[in-house]
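K.L.:
3D, please:
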Amino acid sequence: MNERIAAALGGLLLCAAAAAQDALPVIEMTSGFHRIEAEVAATDRDRQLGLMNRKAMPAQRGMLFVFPQENTHCMWMRNTFLPLSVAFLDRDGTILNIEDMQPQTETNHCARRPARYALEMNLGWFAQRGIVPGARLNGIERAPRPR
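P.N.:
The predicted model follows:
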């Protein structure tokens, strides 16, 4: 396969991935008066793709990962270009811990206790708003069940 065809196919795959991500359901969540528009990754495929290949994300936008069971889930940043903060949440939406993650790294960032959800936002989003472990995010009940 020549380089031009390979580049075109790569571009088509990125467009397909972006289109698939655009189709994710979005729920509104809040922490106090802070509003979050959370794209929901509730399938294995969506959780694996996550925010990979994105170049920008609006300040109030994030991605909520819905896991089939509580566990000490871990996140990493392979093929993710945005610096992110991730909050691990229990089944009620209470933040267990928050981790900052650097782009394009494979360092594991894990829940300190069994978590049912993980919410990724732009780097520093939680700290800039004074949102800390123990805070509860409202709207988690709107998340679809994992598939």
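
K.L.:
can you pull out the strands in the chain?
P.N.:
Taking DSSP state E, the strands of the chain run over residues 26-31, 34-41, 61-71, 74-75, 84-89, 95-101, 109-110, 115-122.

K.L.:
Pairing partners for Ile36 in the sheet, please.
P.N.:
Beta-bridge partners for Ile36, by DSSP bridges, are Met29.

K.L.:
same question, Cys110
P.N.:
What pairs with Cys110, by the bridge criterion (DSSP bridges), is Cys74.

K.L.:
Let me know the pLDDT of it.
P.N.:
With respect to pLDDT, Cys110 scores 98.

K.L.:
what number of residues lie near it?
P.N.:
When counting by other CB atoms under 10 Å, one arrives at 17 neighbours for Cys110. Where you see a C-beta, it was placed from the backbone N, CA and C, and this is true even at glycine.

K.L.:
residues contacting it?
P.N.:
Residues in contact with Cys110 (CB atoms under 8 Å, 6 or more residues apart in numbering) are 72-75, 88, 99.

K.L.:
Separate out the buried members of the residues you listed.
P.N.:
73, 75, 88, 99 (16 or more other CB atoms under 10 Å).

K.L.:
how about the residues you listed in a markdown table, adding distance to Gly124 and pLDDT?
P.N.:
Putting those into a markdown table (distance: CB to CB, whole Å; pLDDT from 0 to 100) gives the following:
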| residue | distance to Gly124 | pLDDT |
| --- | --- | --- |
| His73 | 22 | 97 |
| Met75 | 16 | 96 |
| Phe88 | 17 | 98 |
| Glu99 | 12 | 98 |
